[in-house]
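In: I'll drop the sequence and a predicted model, then ask my questions.
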Amino acid sequence: MLSYRSLYAAGAGLLAGACLTRIFQLAKHRTTVAGRDTGLVDSDERVIIVVEFRVCDSGQFLAAIRPLCAASVVEFGCIRYELMQNIESCVEGRKISIDGVRYTLIEEWSTREAVARHEQSPHYRQWAPLVNASAEVVLHKLRVVPSAPAGGFH
């Protein structure tokens, strides 16, 4: 006859196994975006790049950046590569005027190595100079800060 403790231990083991299975499913889901492998292994390794563009001629800029975006988004290690047009900017809660047209490119990469490979790719080396020539560019490379421990950061 099974004791209450053995049943409880068995139930806890099944629950833990189910939780781990779900975690692995979520991790596997996170490593594929639109059916392609992003190479994401550890979320602390991710690199986020935010590129801001101030553009005088949108046609010239878009003609240069669209091929770069199309080729970059399918690279191994690319999680996100998305161009957006700014519609409003604020500083300390106050709207500021936007002179010229502004775009923001959000890139998310699985690792620094993926970013380095991207920056050496033929399409990047071909299109990045054309993009940079058609806009004022501000680039921010960011790393993900791990979540705060229970006691907070010291």
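Out: Happy to help now that I have it.
In: Just say helix, strand or coil for residue 84.
Out: With DSSP: H, G, I helix; E, B strand; the rest coil as the basis, the three-state label of residue 84 is strand.
In: Go ahead and confirm it touches residue 106.
Out: Yes. Taking contact to mean CB atoms under 8 Å, the distance of 7.0 Å between residue 84 and residue 106 places them in contact. Quick note: C-beta positions are derived from backbone N, CA and C, even for glycine.
In: higher neighbour count, the two?
Out: Set residue 84 next to residue 106 and count neighbours by other CB atoms under 10 Å: residue 106 wins out with 13 against 10.
In: who's in contact with the more buried one?
Out: 48, 49, 50, 80, 81, 82, 84 (CB atoms under 8 Å, 6 or more residues apart in numbering).
In: Quickly name whichever of those residues is closest to residue 71.
Out: Relative to residue 71, the closest of the contacts of residue 106 is residue 81; by CB to CB it sits at 9.3 Å.
In: Who are the packing partners of the host helix or strand of the closest one?
Out: Here residue 81, judged by DSSP states H and E, is contained in strand 78-85. Where contact means 3 or more CB pairs under 8 Å, 6 or more residues apart in numbering; DSSP states H and E, strand 78-85 is packed against helix 58-72, strand 101-109.
In: what does that strand contact?
Out: By CB under 8 Å, 6+ apart, strand 78-85 touches 33, 38, 40, 46, 65, 69, 72-73, 101-110, 114, 118.
In: These, buried ones only, as a ChimeraX selection?
Out: What follows is the ChimeraX syntax for the buried subset of the contacts of strand 78-85, where burial is set by 16 or more other CB atoms under 10 Å:
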select :38,40,46,65,69,72,73,101,102,103,105,107,108,109,110,114,118
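In: give me phi/psi at residue 74?
Out: Backbone dihedrals for residue 74, given as degrees, to the nearest 10, come out at phi -100, psi 0.
In: Kindly report the same for residue 127.
Out: In this entry, residue 127 is assigned phi and psi values of phi -90, psi -30 (degrees, to the nearest 10).
In: roughly how far apart are the nearest residue to it once chain neighbours are set aside and residue 49?
Out: When the adjacent residues along the chain are set aside, residue 127 lies closest to residue 68, with 3.8 Å between them (CB to CB, 6 or more residues apart in numbering). When CB to CB, to the nearest Å is the yardstick, residue 68 and residue 49 sit 13 Å from each other.
In: now for the helices and strands packed on strand 78-85, which one comes closest to residue 122?
Out: Put simply, out of the helices and strands packed on strand 78-85 the one that sits nearest residue 122 is helix 58-72, at 8.6 Å, with distance taken as CB to CB.
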